[in-house]
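# I would like the atomic coordinates for the input below:
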Amino acid sequence: MNVADLLVDGFGRVREVVHQAVDGLTAEQLAARPGPEANSIGWLVWHLARVQDDHVADVAGTDQFWTAQDWREKFALPFPAGDIGYGHSSDDVAKVQPKSPDLLTGYYDAVHEHTVSWVTSLNGTAMDRVVDEGWNPPVTLGVRLVSVLSDDLQHAGQAAYVRGLLLG
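Residues are numbered from 1 along each chain as shown. Below is the predicted model of the structure:
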């Protein structure tokens with residue numbers, strides 16, 4: 001298995017869990033929070049999609065789908081265009097109330113397809129390219145993509161857990 005195949009498989013697993021976590025839920029269930037400071041399924045999936053969109057667009061040199069394909073308008077959230085949810089307060093989390101599971105999966109699927117399309121063009125040597133010198137050691141493309149994949153899998157798993165709490 002080459003590096004592109006490995007990444008496609010990993011991001012495909014994120015997509016599978018995202019769909020399982022939101023499938024058939026109402027807007028109220030997507031916004032429900034198991035505790036006053038907890039994250040909702042809607043926020044978790046929106047956030048993981050935003051992180052993936054932001055980070056992959058950055059390293060691929062492309063526009064984010066959030067703004068380029070009008071997902072920002074479709075979600076109608078009161079955040080700046082570049083907001084990905086990092087550092088959100090409990091009040092901010094409460095503002096993310098997707099109208100339907102299809103809105104979440106539509107955005108995530110668009111980001112996923114872009115990610116998969118782009119990573120299939122990569123090879124092992126591409127993974128060594130430094131993409132962020134703001135860290136010590138500098139962050140390579142491989143480290144950035146694994147970081148996004150790890151973050152996405154954690155949040156997708158959290159969304160699945162919250163679904164289990166809601167539905168029993």
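
# so who does Leu145 touch?
Leu7, Val56, Val59, Val119, Met127 (Cβ atoms under 8 Å, 6 or more residues apart in numbering). To be clear about C-beta, it is placed using only N, CA and C from the backbone, and glycine gets the same treatment.

# ok, now Leu48?
Val14, Val18, Tyr108, Asp151, Asp152, His155, Ala156, Ala159.

# quick check: phi and psi at it.
In this entry, Leu48 is assigned phi and psi values of phi -60, psi -40 (degrees, to the nearest 10).

# how close does it get to Ala126?
With the distance defined as Cβ to Cβ, to the nearest Å, Leu48 ends up 24 Å from Ala126.

# quick one on the thing from earlier: from the contacts of Leu145, which land in helices?
Among the contacts of Leu145, the members found in helices (DSSP state H) are Leu7, Val56, Val59, Val119.

# tell me which of these is nearest to Asp70?
Val56 (18.4 Å; Cβ to Cβ).

# the residue lying closest to that closest one once chain neighbours are set aside is in what secondary structure piece?
In space, and not counting its chain neighbours, Val56 is closest to Thr115: 5.0 Å by Cβ to Cβ, 6 or more residues apart in numbering. Using DSSP states H and E, Thr115 maps to helix 101-119.

# next: Val45.
Applying DSSP H and E, one finds Val45 within helix 41-60.

# which secondary structure elements does the helix or strand just after that helix contact?
Moving toward the C-terminus from helix 41-60, the first helix or strand encountered (DSSP H and E) is helix 65-68. Applying 3 or more Cβ pairs under 8 Å, 6 or more residues apart in numbering; DSSP states H and E, one finds that helix 65-68 contacts helix 41-60, helix 101-119.

# quick one: buried residues of whatever helix or strand comes next after helix 65-68?
Counting by DSSP H and E, the next helix or strand C-terminal to helix 65-68 is helix 71-75. Neighbour counts over helix 71-75 (16 or more other Cβ atoms under 10 Å) mark Trp71, Arg72, Phe75 as buried.

# for helix 71-75, the distance to its chain's centre please.
Centre-to-centre, helix 71-75 and its host chain are 15 Å apart (Cα atoms, centre = their mean, to the nearest Å).

# show the subsequent helix or strand relative to that helix.
helix 90-95.

# so which bits of that following helix are buried?
Buried residues in helix 90-95 (16+ other Cβ under 10 Å): Val93.

# now swap in stretch 57-70 and tell me
Neighbour counts over stretch 57-70 (16+ other Cβ under 10 Å) mark Ala57, Val59, Ala60, Gln64, Phe65, Trp66, Gln69 as buried.
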